[in-house]
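Visitor: The sequence isn't on hand, but the structure is:
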C-alpha cells in the first residue's frame, strides 16, 4: 500500500459571484517531486493557491496533508502545516536583517524575548541549504539582489520546517545566471524529499525542473501526467483548449522611412549615449539583461525621466523631454510595472483607457461620458478584454486582461511610436500570441513598435531589428535574422 | 447588486440612523422639538459652515493630499475681512471698499492654498507635514493682523447682504427668497453651500481637470504616465481649495461678525471629518461632494442633538470621534476584500497574505 501523498486536494470548488473560479479541481503532490501547475492567466491557479494558504475558503472539496485532513484558517495555519509560498513579489521586510527575516514568525522566543544566538545555527543551516553560505545573517535584506532575496525566502521556508514549497513565477524577474542557481536549489530540495509546486508560463523552464504537471483551464482540472510524456504543443493546446499551431504569429509588414532619430541620449545614470534610428512600420526589439538600462531607455525616450543629454527627433523635429511634448509627438509607453504604474487599479477600465486623451470628449470644457464609454467599450471588444463593462474596476481583472487594458490605453492615445516594455511578462501563451499579432498589425499600419523583452525566442521571432543593451549602452543593432540566441547573450554580458 | 447599492448609500444611511436616534431620544427625554423646521434651519445653516470649506478639502483628499492648515487659513480669511471692514476710511466709497475687502479675502484663501501646493510640489515633503507647518504660520499671521486679539468690525460697516449670508434659524431675513413647504424659507448659507457644491461636483465629474484629480489620487505614477502634469494639477487643486476655504471664511465672518484667528484651531479636523464621513479616502482617489455634504450634516446633527438633550459638550466630542472611526472602518469594509476582518485577526501573518 502506497504511503499517502504529501498534498491531496480533491474536488475543490470556489465561486465568486457569477464566476466559477474553481470547479472540482484535484491536485496531488508527492514528496520528492516537482509538480508544474500550468494554465492561462485566470485559469484558477492563484485561486487554488489561495485556497491552500487559507486566504480563501473553498465552497466544496477536501484537503489532506500527509493523509491528515487540513482546513486552513490563514497564512499562519498554512505555515504550521508546513506549506510555504514564494510569490513573484517577494515578502520580505527590506529594512530588517537576513536573520530577522528568516526568524520572522517563527516561535523561537523565550518568554517573549528573542534570543538570537539560540536561533543562529538554524539560520546558518537554512542559508547553507540554499547556497547562501557566504551571506552574513546580519546583512540588510533590501541591499541584496532580487535573486538573493528570493533565496532568503526559500531559506525562511526551510527554517520553518516546510514540507512543501510553492513557487509562483519565480523566474520572471531573475537574470539567466540566477535562474540556473534557483533550479539547482530546487533540485536539491527535491532530493531532500520536499514536495514542490512550480508555476510558470515558460514551458522550457517547466521542462527543466518539473517531473509531473497539472493543467488548469477555466477553473477546471484538464490534464495531468509525467512531463516527459507530452510535447510542448500538446501542453499548450490543453491550456488554451484549442490547437495553437503558431506560437509566434507574424503579420506581414514593411519597414519604411526613418521616423525617430535618437542621438547620444543620456540619462542618470542610464541610458548612456544611446543613438538609434527607428523606422515607420518597424518592430524594433531591445534585448539585454534585467538592469541593463532597457527600461531606463524607454522612460528617457518618453520623457518620464529627465534627459541629461542628447536629443530625440521625431519626423526630423526635435522634441523636448517632457511627457506632454513626447506624447504630442506620438510616443506612447506601456510600463513594465503594470500594477504599480501602468494602470490605476481603483479606477474603472474605461477611465484607465481614456485617461491619456480625455480632451477628445470635451465639449466646451465638459466631458461627454456617453461618447467616452462608447469608445472604451469598443476598445474593450477589439482587444477581447474579458470584462462585464467599461465601468468595472481594473483591479478585478486577471493579469493578461489588465495588460490588454494597458495596451488599449496607448492605442486610444493614438500613439504612433509605441514603447512596449516587457508587454508579455507574466502573460499566458494564448494572450502572448494575440499581443504579437497586434504588434504586427500596428507595424503594418505604418506605426513603430519598440519591443523590450527578456525572452529571446519572442524577440527573434517577432522583431525586424534587435538592439542589445548592456550597462546602459546600446551595444549592437542587427536585423533579427542575423542574430542567434547565443550571440545576443554574448553581446548582453559583454 | 442590492448589497453594493446599500454600501454606496452608507453615508446617507448613517445620517438617517443618527437623525432617527436623536428624534427618539428627543421624544423620550427632550422637548420634542428636534424635527421642527426651526431646529432644522439651524442644523442646515451650521452644516453649511463646515460643508463649504470641506468642498475644497474633498478635492484635496481625492487628489491624495490633506490640508491641516484649512482651519487657520479659514479664520485668517475671516480676520482679513474683519480688519478691512474695521479700518473703512470715511472718504472712500463703501461699495468699492467692500469689494476690495472681498477680493483681498478671496486672494488670501487662494494664496494660502497656492503656498501649500507650491511647497508640496517643489519639496516633495508629504502634505501632512507641509500643511502642519503652514497651519501654524497662518495662525501666526492672523494673530499679527488681529494684534493678538479679536477684530470687531462695527456693525454699520458690515453690508446687509453679508450679514444675511448667515442667518441661522431666523426666518424673516434671507438674501434669496426660496422656500420649501414644511420648512419655510431656506437660509442663504444653505443656498450658497448647495450652489458651490453643485459647481465643484460638476468640476470633478465633467472636466478633464476633475478626472485628472481622481487619477492623480488613485495612482500618481499612472497619471504621470498618461501625461497628466502632476505639479500643475496639485497646485491648482490646493489653490482652488483655497477659494472654498475663503468662502468658508466669509460664512464664518457672517456668523460671528468678528475675526478671531484662534477660532480656526481644530476647525480643520471637523472639515476633514466631514469628508471622511462622506466616504472620502485618505489614500486618495475616492470622495464625493454629496457625501461631504452628508458628512457635514451628520456632525452638525450630533452636535445640535446633544445640545438639546443637554448632553455636555465633552461627550459630544467623544461621540463624534467614535462615529468617525466607525465610518472609516465601514468604509474599509466597503472597499476592501471580504477577508478584511479575517486579516485583522491574523495580522502577524499578514505579510504573506497581502501580495496575492
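Guide: Here it is on my side, so go on. Given the structure is predicted, the values throughout are model-derived calculations rather than measurements.
Visitor: CA only for contacts and neighbour counts going forward, please
Guide: OK.
Visitor: And the residue nearest the centre of chain A?
Guide: Among the residues of chain A, the one closest to the centroid is residue A:426, at 3.0 Å (CA atoms, centre = their mean).
Visitor: quick one: contacts for that one?
Guide: If you count contacts by CA atoms under 8 Å, 6 or more residues apart in numbering or on different chains, residue A:426 has them with A:169, A:172, A:201, A:399-400.
Visitor: show me where pLDDT drops low in chain B?
Guide: B:1-8, B:171, B:334-356 (pLDDT under 70).
Visitor: Contacts only, for the most centrally placed residue in it.
Guide: Nearest to the mean C-alpha position of chain B, counting by CA atoms, centre = their mean, stands residue B:54 at 2.0 Å. By CA under 8 Å, 6+ apart, the contact set of residue B:54 is B:244-245, B:271-272, B:274-275, B:292.
Visitor: please redo it, this time with the cut-off set to 7 Å
Guide: B:271-272, B:274-275, B:292 (CA atoms under 7 Å, 6 or more residues apart in numbering or on different chains).
Visitor: Of those residues, select the buried ones using a ChimeraX command.
Guide: The buried residues among those can be selected in ChimeraX (16 or more other CA atoms under 10 Å in any protein chain shown) with this line:
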select /B:271,272,274,275,292
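Visitor: Reformat the contacts of residue B:54 as JSON lines; add distance to chain A and secondary structure.
Guide: Shown next, in JSON lines, are the contacts of residue B:54 (distance: CA to the nearest CA, whole Å; DSSP: H, G, I helix; E, B strand; the rest coil):
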{"residue": "B:271", "distance to chain A": "25", "secondary structure": "helix"}
{"residue": "B:272", "distance to chain A": "22", "secondary structure": "helix"}
{"residue": "B:274", "distance to chain A": "22", "secondary structure": "helix"}
{"residue": "B:275", "distance to chain A": "19", "secondary structure": "helix"}
{"residue": "B:292", "distance to chain A": "20", "secondary structure": "helix"}
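Visitor: quick check, nearest of the contacts of residue B:54 to residue A:95?
Guide: Residue A:95 has its nearest neighbour among the contacts of residue B:54 in residue B:272, at 32.8 Å by CA to CA.
Visitor: and that closest one, what is it in contact with?
Guide: B:54, B:57.
Visitor: Now for residue B:178: which residues touch it?
Guide: Applying CA under 7 Å, 6+ apart, we find residue B:178 in contact with B:185-186.
Visitor: do you know how far it is from chain A?
Guide: 29 Å (CA to the nearest CA, to the nearest Å).
Visitor: likewise residue B:113?
Guide: To chain A, residue B:113 is 24 Å away according to CA to the nearest CA.
Visitor: what about the strands in the stretch 151-300 of chain A?
Guide: With DSSP state E, counting those that start in this stretch as the criterion, the stretch 151-300 of chain A has strands at A:164-168, A:195-199, A:212-217, A:220-226, A:258-266, A:274-279, A:283-288.
Visitor: still on that earlier bit, can you pick the most crowded of the contacts of residue A:426?
Guide: residue A:400 (23 neighbours; other CA atoms under 10 Å in any protein chain shown).
Visitor: quick revisit: before we move on, which element is the residue nearest to the centre of chain B in?
Guide: Assigned by DSSP states H and E, residue B:54 falls within helix B:37-62.
Visitor: quick one: whichever helix or strand comes after that helix to helix B:37-62, angle?
Guide: For helix B:37-62, the following helix or strand on the C-terminal side (DSSP H and E) is helix B:70-86. For helix B:70-86 against helix B:37-62, the angle by axes from the mean of the first three to the mean of the last three CA atoms, to 10 degrees is 120 degrees.
Visitor: so the next helix-or-strand element following helix B:70-86 versus helix B:70-86, what angle?
Guide: Moving toward the C-terminus from helix B:70-86, the first helix or strand encountered (DSSP H and E) is helix B:94-123. Per the same axes, to 10 degrees, the angle that helix B:94-123 makes with helix B:70-86 is 150 degrees.
Visitor: and helix B:94-123, what does it pack onto?
Guide: On a contact count with 3 or more CA pairs under 7 Å, 6 or more residues apart in numbering or on different chains; DSSP states H and E, helix B:94-123 meets helix B:70-86, helix B:127-145, helix B:230-256.
Visitor: near chain A, anything from the last one?
Guide: Okay, so that is helix B:230-256. No - against chain A, helix B:230-256 shows no contacts by CA under 7 Å from any CA of the partner chain, the least distance being 10.9 Å.
Visitor: That helix relative to helix B:70-86, how many degrees between them?
Guide: 60 degrees.
Visitor: Minimum pLDDT in the contacts of residue A:426, which residue is that?
Guide: For those, the weakest pLDDT value sits at residue A:172, with 71.
Visitor: returning to what we had before: need the contacts of residue A:426 in a markdown table with distance to chain B, can you?
Guide: Output for the contacts of residue A:426, formatted as a markdown table (distance: CA to the nearest CA, whole Å):
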| residue | distance to chain B |
| --- | --- |
| A:169 | 12 |
| A:172 | 16 |
| A:201 | 17 |
| A:399 | 12 |
| A:400 | 15 |
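Visitor: can I get those residues in JSON lines with distance to residue A:90?
Guide: Shown next, in JSON lines, are the contacts of residue A:426 (distance: CA to CA, whole Å):
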{"residue": "A:169", "distance to residue A:90": "11"}
{"residue": "A:172", "distance to residue A:90": "12"}
{"residue": "A:201", "distance to residue A:90": "18"}
{"residue": "A:399", "distance to residue A:90": "17"}
{"residue": "A:400", "distance to residue A:90": "21"}
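Visitor: Out of those, which is nearest to residue B:96?
Guide: The shortest gap between residue B:96 and any of those belongs to residue A:399, at 62.5 Å (CA to CA).
Visitor: For residue A:367, which of the strands of the stretch 151-300 of chain A is the nearest?
Guide: strand A:258-266 (33.4 Å).
Visitor: for the closest one, which positions count as buried?
Guide: Under 16+ other CA under 10 Å, the buried positions of strand A:258-266 are A:258-266.
Visitor: Please apply the same query to stretch A:359-376.
Guide: A:361-362, A:366-367, A:372-373, A:375-376.
Visitor: distance between stretch B:253-270 and the chain's centre?
Guide: Averaging C-alpha coordinates over stretch B:253-270 and over its chain gives two centres that are 13 Å apart (CA atoms, centre = their mean, to the nearest Å).
Visitor: ok, residues contacting that stretch?
Guide: Outside stretch B:253-270, the residues within contact range by CA under 7 Å, 6+ apart are B:68-72, B:74-76, B:78-79, B:82, B:139, B:142-143, B:149-153, B:162-163, B:165-166.
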